[in-house]
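J.: the following block contains a protein sequence and its predicted model.
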Amino acid sequence: MRLLALALLAGATLAQARNPLATADQCELDVLSMELSKDPGFEPLKKHALNQYIKSLKKYNVDITDAVMKDLHLAMDELVFSSVQKAANGDPTKPKVYWTDTAARRHDWFNLSVPGGRYSYDNPDSIYRTVPIDGKYKYKLKGRRFGNGTADTSFSLIKNVNSQNTISTILKKDLKVKSDGTYEITISSEDIKENHLKSDWTAKQIFIRHNLGDWNKETPDELEVEVLGNPKPWVPRTNRSIINDAKNNLKQSSFFYGFGALDFKTLSIPLNELKSPSQSQSLGTLTSQAQSFGHYNIKDDEAYVITFNGGKSSYWVLPVSTMGLLTNDPEHNIVSFNSAQSAPNNNGTYTFVLSAKDPHVYNWISIAGMPQGTLMLRWQGLPLSDGTVKDIKVHTQVVKYNKLHEILPKDTRYVSAKERKQQIHERQQGYQRIHYQ
Ligand SMILES: *[C@@H]1O[C@H](CO)[C@@H](O)[C@H](O)[C@H]1NC(C)=O
Ligand SMILES: *[C@@H]1O[C@H](CO)[C@@H](O)[C@H](O)[C@H]1NC(C)=O
Ligand SMILES: *[C@@H]1O[C@H](CO)[C@@H](O)[C@H](O)[C@H]1NC(C)=O
Ligand SMILES: *[C@@H]1O[C@H](CO)[C@@H](O)[C@H](O)[C@H]1NC(C)=O
């Protein structure tokens, strides 16, 4: 045991220079989550969650094909693991920084294969990290930014690890970073002007987002947390109490995502349509973010064309997700485009084609094997005042695949088979650089 711990620490020190996500705490929490997720008590709750998703789909007459069922089963497996991950880093007297909500991955640095733990519209651009908080205590979060940091970054203090419910937020534009890239954020009930998250008795977690625009260049910040004043835990946390917290997370997730995100937010929008975005703080979205939800059903000889603009946002992303609200193998497929990855039209808008067959358009999202799916477009870094999303317009159209050339803008950027291969290769390299290396 001691040897193992030493080996982990040595590994962590070596790996630290390579990847800020490769920490000994990450490894420890992943191992614990993997062990605890084997508890048979999750099975009935997983079935219950599956039934909630199916109920929502049936309500809107979605054809629950074998492909949809397969996507739902994967989503439920990931939902269970995410529920355990949310509970595993749950002791605010021994806080750790834990990277969660990510697709199945392999830690090269610890030779560990970790299952996927995504839920409710994962964003392939995002590195999400969590820190447990108790409003009674003071904390210090130490960070180090590499270069100019990531396209968007935010630190949200939340009340509920499943539905979020933000108490306070620090946005990238407001974070004060020293010239050497380091910064410190304090978390307490005090009123402090700079780099501070004001907490109260309802605070449960800091939810940290790093959205990477250019996957081959940007790196998430290095983060470390410290609780001040050496608090004594009242009740020692046991594996049983972590499992019970995880079960509670799974129950809440089933409602918040299977009903809230899928039924209320997504399927209630007419098929193959997207409304211009709105700003909302409900269901785990960021306060400086606007979003537009939708779902599609596209035949093999059809294409779904989406055009929109970025407005005043500093970063936006268009990911395509399954009926289980997860992106489909974002490492190997082009299932998302963000503001740094897309080819613009001459007037600054962006046009995307979703189709099973490759139309040789640069901004193509493959829905091969996924004729039905969901969408959550996000625009971030918006000014907080009302009305700023009014100048973002979204337009959608379904056309026959062989009529695409008639409706696509004249200035559409096309790619050769070789350029497509290169585009996918660069995506994989970027993904691996962030997640594994
Ligand atoms: C990594 O783990 C795999 C499977 O658990 C094992 O076969 C392999 O030998 C390990 N590699 C190293 C370098 O430890
Ligand atoms: C950071 O941003 C500055 C100003 O926009 C730019 O000049 C510089 O090249 C950027 N550095 C990196 C490493 O991207
Ligand atoms: C909790 O489970 C982990 C993983 O199985 C194990 O290493 C650890 O000893 C357990 N902790 C307690 C207090 O039983
Ligand atoms: C911008 O160009 C696109 C593609 O040509 C077109 O669909 C859209 O209507 C234009 N938008 C504006 C505001 O001019």
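T.: Arrived safely, thanks for sending. Ligands and ions are numbered 1, 2, ... in the order given.
J.: residue 145 is in contact with residue 172, correct?
T.: No - with contact defined as Cβ atoms under 8 Å, residue 172 does not count as touching residue 145 (9.7 Å). To be clear about C-beta, it is placed using only N, CA and C from the backbone, and glycine gets the same treatment.
J.: tell me the contacts of the residue in the stretch 101-250 of the chain that ligand 3 sits nearest to?
T.: Nearest residue of the stretch 101-250 of the chain to ligand 3 (Cβ to the nearest ligand atom) works out as residue 239 at 3.8 Å. Contacts here follow Cβ atoms under 8 Å, 6 or more residues apart in numbering; on that basis residue 239 touches 35, 36.
J.: cool, residue 46 as well?
T.: Contacts of residue 46 (Cβ under 8 Å, 6+ apart): 76, 77, 79, 80, 250.
J.: list buried residues within the residues you listed.
T.: Among these, those scoring as buried are 76, 77, 79, 80, 250 (criterion: 16 or more other Cβ atoms under 10 Å).
J.: now, which of the residues you listed sits nearest residue 108?
T.: Using Cβ to Cβ, residue 77 is the member of those that sits closest to residue 108, with 23.0 Å.
J.: ok, longest helix in the chain?
T.: Determined from DSSP state H, the single longest helix within the chain is helix 66-88.
J.: report the mean per-residue pLDDT for whichever helix or strand comes after that one.
T.: Where DSSP states H and E defines the elements, the next helix or strand beyond helix 66-88 is strand 98-100. Averaged across strand 98-100, the pLDDT comes to 98.
J.: who does strand 98-100 pair up with?
T.: Looking at strand 98-100 with DSSP bridges, its partner strands are strand 126-132 (antiparallel).
J.: quick one: list the elements packing against the helix or strand following the partner strand.
T.: Where DSSP H and E defines the elements, the next helix or strand beyond strand 126-132 is strand 139-144. Where contact means 3 or more Cβ pairs under 8 Å, 6 or more residues apart in numbering; DSSP states H and E, strand 139-144 is packed against strand 182-188, strand 222-227.
J.: model confidence score at residue 225, please.
T.: For residue 225, pLDDT reads 98.
J.: OK, contacts around it?
T.: Taking Cβ under 8 Å, 6+ apart, we find residue 225 in contact with 95, 96, 97, 131, 139, 140, 141, 142.
J.: give me the buried subset of these.
T.: Buried residues within these, counting neighbours by 16+ other Cβ under 10 Å: 95, 96, 97, 131, 139, 141.
J.: out of those residues, who's nearest residue 220?
T.: Nearest to residue 220 among the buried ones among the contacts of residue 225: residue 97, at 10.8 Å, using Cβ to Cβ.
J.: list the contacts of the closest one.
T.: By Cβ under 8 Å, 6+ apart, the neighbours of residue 97 are 23, 25, 26, 129, 130, 131, 208, 223, 224, 225.
J.: any weak-confidence spans in the chain?
T.: Across the chain, the ranges flagged by pLDDT under 70 are 1-18, 234, 280-287, 384-388.
J.: and it, which of its residues are near ligand 3?
T.: 32, 35, 238, 239 (Cβ under 6 Å from any ligand atom).
J.: most widely separated two among those residues?
T.: Longest span within the residues of the chain next to ligand 3, Cβ to Cβ: 35 and 238, 13.2 Å.
J.: show me which of those two is the more surrounded one.
T.: residue 35 (12 against 9; other Cβ atoms under 10 Å).
J.: what strand or helix carries that one?
T.: Per DSSP H and E: helix 24-36 holds residue 35.
J.: elements contacting that helix?
T.: In terms of contacts (3+ Cβ pairs under 8 Å, 6+ apart), helix 24-36 is packed against helix 2-16, helix 66-88, strand 98-100, strand 105-107, strand 112-114, helix 239-253.
J.: most packed of these?
T.: Ranked by mean neighbour count, the helices and strands packed on helix 24-36 are led by strand 98-100 with a mean of 25 (mean count of other Cβ atoms under 10 Å).
J.: can you give me the helices for the stretch 301-437 of the chain?
T.: All helices of the stretch 301-437 of the chain, identified by DSSP state H, counting those that start in this stretch, fall at 404-407, 417-435.
J.: would you mind giving those helices as JSON lines with mean neighbour count added?
T.: Putting those into JSON lines (neighbours: other Cβ atoms under 10 Å) gives the following:
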{"stretch": "helix 404-407", "mean neighbour count": "13"}
{"stretch": "helix 417-435", "mean neighbour count": "15"}
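J.: how near is the closest residue to residue 435 other than its chain neighbours to residue 150?
T.: In space, residue 435 comes closest to residue 105 once its chain neighbours are excluded; the distance is 5.2 Å by Cβ to Cβ, 6 or more residues apart in numbering. According to Cβ to Cβ, to the nearest Å, residue 105 stands 18 Å off from residue 150.
J.: what do you get for residue 88?
T.: 25 Å.
J.: hang on, the earlier thing: dump the helices and strands packed on strand 139-144 to JSON lines, plus distance to ligand 4.
T.: Output for those, formatted as JSON lines (distance: least, Cβ to the nearest ligand atom, whole Å):
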{"stretch": "strand 182-188", "distance to ligand 4": "39"}
{"stretch": "strand 222-227", "distance to ligand 4": "40"}
